[in-house]
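Enquirer: Predicted model and sequence below, questions to follow.
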Amino acid sequence: MSFCFNFDVPAQTTNPEEESGVHLQHGQKDDAAKPIEDRTKPAEPVKEAKEHLPQSDPQFLLTDAVAETITIGTLPPLHFLNETVFEKTAAEREDREEILLRTAEQRSDLISGVYEGGLKVWECTYDLLELIEKDGETFGGKAVLDLGCGAGLLGILALKRGARQVHFQDYNSTVIEQLTVPNVILNCQEEDEVDSEEDKQGSGKGKVKEEDGCEKKVKDEEKDGISPPKKRAADLSQDPLLAKCRFFSGDWSTFLALVKKEEPHPKYDIIFTAETIYNTAYYPALHETLHKLLAPDGLVYLATKSHYFGVGGGLHLFETFVEQRGVFSLDHLWDGEDGLQRHVVVLRFKKPL
């Protein structure tokens, strides 16, 4: 969906406290005395978590799918479904949550408590991918959680680079079923003959274009006005990469409760989360999920903007929240200087004194 990264929340979901001044920029009111989690309440009840099992025959998920490919430096190519397809085919898709039609009608990036933005690949995901490429992380033998995964590119990269297991979680079941699972399948299957030779020779590298004010990386074919080739799904029901994956939807608090029922419940060496701290009301559930699911020596990689206008969250408020809880240390790995500042930070458990 060709929406801009503005997180405009419909008027009926706006909290009076937000209008009175949650934002801390340009001389606006600082309500730091108020607990962060009380500042912006979600508009809907929490969504119950559930696990999604890939279909035994996944080919139908990629019927007439149009894919894009992003390649960053030495990273393996990452394939993902073109987001505009969802807008154009919303009426034809199975969507029990009805988020496809609602977001298309409202031209909204986010409907608080209803749709949390998972159909679009946001800028900070690319920032984190570029940092991973620079640092040379290979994920060999590690358990990885892509939290608030959306398209799942971070988890897919870990899967391609040797992770032992990768779990994907997004708020919306429609995102998991219509986008995340198909994207994993795209990346599991062998490249078809349409683009294999050309990609091997180094074309189709990641480019940047402006779309409604948002950066988006695309292949050379799309840049030249040619649609990327359609992908054909192979029989992946027994694919060894897909067998390493699990998929979950639901609110973070209910997701945590669901996986904690397992004995032993999963612990992750690496947790990725990008563009997920835009709403301060979600900080307690996010923090608790990270606290309970991160392995003792694990790392949380968080990619974010410095501030999210419209819903009031951002890195400064999240850093304050983390410091108040006293569970994690937080270090900056990368800080962008252009425009609305973007950041990549890492959280790890504090060592006992």
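Expert: Structure received.
Enquirer: following the strand or helix carrying residue 105, which helix or strand shows up next?
Expert: For residue 105, the host element (DSSP states H and E) is helix 99-106. Next helix or strand after helix 99-106 toward the C-terminus (DSSP H and E): helix 123-135.
Enquirer: CA atoms only for that next one, dumped as CSV, please.
Expert: Extracted C-alpha coordinates of helix 123-135, given in CSV (Å, rounded to 0.1, in the frame of the first residue of the first chain):
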residue,chain,number,x,y,z
GLU,A,123,12.4,2.5,6.6
CYS,A,124,14.0,1.3,9.8
THR,A,125,13.9,-2.3,8.7
TYR,A,126,16.4,-1.4,6.0
ASP,A,127,18.6,0.4,8.5
LEU,A,128,18.8,-2.8,10.6
LEU,A,129,19.5,-4.9,7.5
GLU,A,130,22.3,-2.6,6.5
LEU,A,131,23.8,-2.8,10.0
ILE,A,132,23.7,-6.6,9.9
GLU,A,133,25.5,-6.5,6.6
LYS,A,134,28.1,-4.2,7.9
ASP,A,135,28.7,-6.3,11.1
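Enquirer: Tell me which helix or strand comes right after it.
Expert: For helix 123-135, the following helix or strand on the C-terminal side (DSSP H and E) is strand 143-147.
Enquirer: May I have the strands that pair with that following strand, each with its orientation?
Expert: According to DSSP bridges, strand 143-147 forms sheet pairs with strand 165-170 (parallel), strand 268-274 (parallel).
Enquirer: Report the mean confidence score over the first one.
Expert: The predicted model gives strand 165-170 an average pLDDT of 98.
Enquirer: Quick check: phi and psi on residue 139?
Expert: Dihedral pair for residue 139: phi 70, psi 10, per degrees, to the nearest 10.
Enquirer: An error on my part: the question was meant for residue 47.
Expert: Recorded main-chain torsions at residue 47 are phi -90, psi 130, according to degrees, to the nearest 10.
Enquirer: what does the helix holding residue 105 contact?
Expert: With contact meaning C-beta atoms under 8 Å, 6 or more residues apart in numbering, helix 99-106 is reached by 1, 3, 10, 86-87, 90-91, 93, 95, 108-109, 111, 114-115, 119, 172, 174-175, 178. To be clear about C-beta, it is placed using only N, CA and C from the backbone, and glycine gets the same treatment.
Enquirer: One more pass at 10 Å, please.
Expert: 1, 3, 8, 10, 86-95, 108-111, 114-120, 171-175, 178 (C-beta atoms under 10 Å, 6 or more residues apart in numbering).
Enquirer: What about residue 74, how many residues nearby?
Expert: Using other C-beta atoms under 10 Å, residue 74 is surrounded by 8 other residues.
Enquirer: and it, what is it in contact with?
Expert: For residue 74, the contact set (C-beta under 10 Å, 6+ apart) comprises 133-134, 136.
Enquirer: Please pick the buried ones from these.
Expert: Among those, not one is classed as buried by 16 or more other C-beta atoms under 10 Å.
Enquirer: Can you tell me which of the residues you listed is nearest residue 334?
Expert: Using C-beta to C-beta, residue 134 comes nearest to residue 334 of the contacts of residue 74, at 8.7 Å.
Enquirer: Report how many residues lie close to the closest residue to the closest one other than its chain neighbours.
Expert: Closest residue to residue 134 apart from its sequence neighbours, by C-beta to C-beta, 6 or more residues apart in numbering: residue 73 at 7.7 Å. Counted by other C-beta under 10 Å, the residues lying close to residue 73 total 12.
Enquirer: do residue 332 as well
Expert: Using other C-beta under 10 Å, residue 332 has 11 other residues around it.
Enquirer: Quick check: it vs residue 103, distance?
Expert: Distance of residue 332 to residue 103, computed by C-beta to C-beta, to the nearest Å: 33 Å.
Enquirer: same thing with residue 315?
Expert: Counting by C-beta to C-beta, the gap from residue 315 to residue 103 is 26 Å.
Enquirer: what do you get for residue 172?
Expert: On the measure of C-beta to C-beta, residue 172 and residue 103 end up 10 Å apart.
Enquirer: go on, residue 162?
Expert: Taking C-beta to C-beta as the measure, residue 162 falls 35 Å from residue 103.
Enquirer: now residue 352
Expert: Residue 352 is 46 Å from residue 103, where distance means C-beta to C-beta.
Enquirer: The two: which is more packed in?
Expert: Higher neighbour count among residue 352 and residue 103: residue 103, with 23 against 4, using other C-beta under 10 Å.
Enquirer: Show me the shaky parts of the protein.
Expert: Applying pLDDT under 70 to the chain flags the ranges 1-45, 56-61, 63-64, 190-238.
Enquirer: returning to that earlier point: how far off centre is the helix holding residue 105?
Expert: Centroid displacement of helix 99-106 relative to its chain, using C-alpha atoms, centre = their mean, to the nearest Å, is 19 Å.
Enquirer: For that helix, C-alpha coordinates in PDB please.
Expert: Output in PDB follows, covering the C-alpha atoms of helix 99-106 (Å, rounded to 0.1, in the frame of the first residue of the first chain):
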ATOM      1  CA  ILE A  99      -8.000  -4.700   7.800                       C
ATOM      2  CA  LEU A 100      -7.300  -4.700   4.000                       C
ATOM      3  CA  LEU A 101     -10.400  -2.900   3.100                       C
ATOM      4  CA  ARG A 102     -10.400  -0.600   6.100                       C
ATOM      5  CA  THR A 103      -6.800   0.500   5.600                       C
ATOM      6  CA  ALA A 104      -7.400   1.000   1.800                       C
ATOM      7  CA  GLU A 105     -10.600   3.000   2.500                       C
ATOM      8  CA  GLN A 106      -9.000   5.200   5.200                       C
END
